[in-house]
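Asks: Task: produce atomic coordinates for the following.
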Amino acid sequence: MRVLIVDDEASIRKTTRIAIETAGHAAAEAPGAGRALKAAAEEDFDAVFLDLRIGSDDGLEILDQLLRARPGLPVVMFTAYANIATAVEAMRRGAFDFIPKPFTPEQVRAVLAKIGKNRALERRVRSLESELAAELTPVEADSAEPAVQAVLAIAYKAAATPATILLLGPSGTGKSVLAREIHKRSAQGDAAFVTVSCPSLSRELLESDLFGHVKGAFTGAVADAAGKVAAADGGTLFLDEIGEMPLEIQPKLLRLLQEREYERVGEARPRKANVRLIAATNRNLLAEVRAGRFREDLYYRLNVISVALPGLHQRPADLRRLAEMYARFFAARQGKRITGFSPAVLAAFDSYPWPGNLRELCNAVERAVILTAGGTIELSDLPEAFQGRKDLAIAVGARVRLETIEGEHIRRVLAVARNLDEAARTLGIDPATLYRKRQKLGLL
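Replies: Here you go, the predicted structure:
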């Protein structure tokens, strides 16, 4: 943390600074109210130690001004004029804690630990609120397939270590779900789990979202922003589709991995962050390195423990169990009673290539639960791609809608292509068109 010490006595500031720095934090000093308020306005502090009497200035008035400028900022009051009345008044006005003078370094370190624990709890609450807001579908953390069991065993064994983990596999195979499960099984399991989606933002916005920025760093930066790295401090940072990360940002991520340091956009001062990194991609990163689109040093730094998730078509022993799990979940959410799937649905599931993997299965089952009129899900409740599966092999020239043939062809190409760029080239369309068609087919 970065802590501001406000006291008119140089010896007190020095003693407090030593106690703070020996606890592993950084400290800045202000001898009076003016300097303190100016520093708090220009810099981002995690806590303030404030004397109750600073010359002719009233520490309680300074406390009020600090909290108006930075609501929620932990301010610890200390004074030689300690009594119950001043302690109660300071806490009533929003002080985090109260230390009487003379104090010991242990007292300073104890209140810093309390602030750190409080920050960790706040991050955990935000993480849980994010999970609830996303209405996460049920998580299946096991498998009946021996190959998948071996993959999960590696992931769960690595979860207990601080090692960086790289999750590989096609879109929709459950990489984000596995990342969250790894976090829950780690030493950081009670801390924040923060996700950054690398393809979702421009280079400038992604850098700001990741590392934060200071006021005035760019047009629209009207206030300081801490960024996702700061939010994940003490927890897990999950970089989804890291193969899409622009080359300009990759050196900064490498620095975070190697030195645990980063800088906010528009700021030259380095900051520390203790984050456990999990990254995921559907790309062949080694091929991206050879093509000059991904840094080789970053690739090897990420590839400490790699876990390759297979597609759903390679998990036949899990398919029906997963479908039933999704059906129970969505039935409960819709207030319906679903007894299962008809034989025709199960046969269609078994013959389907599942290019969208778990995500496509989840979407198909949710749709079926919503549309079914009875307790058993029928073939007519499934998306059009599942209708008349036996006829699709001889669909050319048959009385089948053109968009059905096109949709099936796109699914099959996606199932065998190494990445989306290769699929677009095979189909003879640009990636943006493929994105729109995948969106229409429910494959995102």
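Asks: can you tell me how far Ala415 sits from Ala192?
Replies: According to C-beta to C-beta, to the nearest Å, Ala415 and Ala192 sit 35 Å apart. Where C-beta positions appear, they are placed from N, C-alpha and C, glycine not excepted.
Asks: and if you look at Ile405?
Replies: Ile405 is 47 Å from Ala192, where distance means C-beta to C-beta.
Asks: who's more crowded, Ala415 and Ala192?
Replies: Neighbours per residue, other C-beta atoms under 10 Å: of Ala415 and Ala192, the larger number sits with Ala192, 26 against 18.
Asks: and the gap between that one and Ala110?
Replies: Counting by C-beta to C-beta, the gap from Ala192 to Ala110 is 23 Å.
Asks: Bridged to the residue nearest the centre of the chain, which residues?
Replies: What sits nearest the mean C-alpha location of the chain, by C-alpha atoms, centre = their mean, is Thr195, with 1.4 Å. Beta-bridge pairing of Thr195 under DSSP bridges involves Phe238.
Asks: from memory it sits against Glu241, does it?
Replies: No: using C-beta atoms under 8 Å, Thr195 makes no contact with Glu241, being 10.7 Å away.
Asks: Going along the chain, name the strands of the stretch 151-300 of the chain.
Replies: 165-168, 193-197, 236-240, 261-262, 271-272, 276-281 (DSSP state E, counting those that start in this stretch).
Asks: out of the ones you listed, nearest to Lys336?
Replies: Nearest to Lys336 among these is strand 193-197 (30.9 Å), distances taken as C-beta to C-beta.
Asks: what comes up buried for the closest one?
Replies: By neighbour count, and taking 16 or more other C-beta atoms under 10 Å as the criterion, the buried residues in strand 193-197 are Phe193, Val194, Thr195, Val196.
Asks: correct me, but the first one touches Gly234?
Replies: Put plainly, it is Phe193. No: counting by C-beta under 8 Å, Phe193 sits too far from Gly234 to count as a contact (11.2 Å).
Asks: returning to what we had before: let me have the strands of the stretch 151-300 of the chain in a markdown table, extended by distance to Gly32 and mean pLDDT.
Replies: As requested, the strands of the stretch 151-300 of the chain are exported to a markdown table (distance: least, C-beta to C-beta, whole Å; pLDDT from 0 to 100):
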| stretch | distance to Gly32 | mean pLDDT |
| --- | --- | --- |
| strand 165-168 | 49 | 96 |
| strand 193-197 | 38 | 92 |
| strand 236-240 | 39 | 95 |
| strand 261-262 | 32 | 94 |
| strand 271-272 | 27 | 90 |
| strand 276-281 | 41 | 96 |
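Asks: List the buried residues for stretch 199-210?
Replies: For stretch 199-210, the neighbour count (16+ other C-beta under 10 Å) marks Leu201, Glu204, Leu206, Glu207, Ser208, Asp209, Leu210 as buried.
Asks: Near the closest residue in space to Ser186 that isn't next to it in sequence, how many other residues are there?
Replies: Computed as C-beta to C-beta, 6 or more residues apart in numbering, the closest residue to Ser186 that is not its neighbour in sequence is Ala159, at 4.9 Å. Neighbours of Ala159 under the rule other C-beta under 10 Å: 23.
Asks: can you check Met325 too?
Replies: For Met325, the tally of surrounding residues (other C-beta under 10 Å) stands at 18.
Asks: Buried residues in the helix or strand where it lies, which are they?
Replies: Assessed by DSSP states H and E, Met325 sits inside helix 316-334. Across helix 316-334, burial judged by 16+ other C-beta under 10 Å covers Asp318, Leu319, Leu322, Ala323, Met325, Tyr326, Ala327, Phe329, Phe330, Ala331.
Asks: Report the secondary structure element holding Pro71.
Replies: Taking DSSP H and E as the definition, Pro71 sits outside all helices and strands.
Asks: For it, list the residues it contacts.
Replies: Pro71 makes contact with no residue, according to C-beta atoms under 8 Å, 6 or more residues apart in numbering.
Asks: so where's the longest helix in the protein?
Replies: For the chain, the longest helix by residue count, based on DSSP state H, is helix 105-134.
Asks: and it, how far from the chain's centre?
Replies: Relative to its chain's centre, helix 105-134 lies at 17 Å (C-alpha atoms, centre = their mean, to the nearest Å).
Asks: As a check, name the ranges of all helices in the stretch 1-150 of the chain.
Replies: Counting by DSSP state H, counting those that start in this stretch, the stretch 1-150 of the chain has helices at residues 10-22, 33-42, 59-69, 84-92, 105-134, 146-159.
Asks: Let's have these in JSON lines, adding mean pLDDT and distance to Gly335.
Replies: Shown next, in JSON lines, are these (pLDDT from 0 to 100; distance: least, C-beta to C-beta, whole Å):
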{"stretch": "helix 10-22", "mean pLDDT": "91", "distance to Gly335": "55"}
{"stretch": "helix 33-42", "mean pLDDT": "86", "distance to Gly335": "52"}
{"stretch": "helix 59-69", "mean pLDDT": "89", "distance to Gly335": "46"}
{"stretch": "helix 84-92", "mean pLDDT": "80", "distance to Gly335": "47"}
{"stretch": "helix 105-134", "mean pLDDT": "78", "distance to Gly335": "19"}
{"stretch": "helix 146-159", "mean pLDDT": "93", "distance to Gly335": "33"}
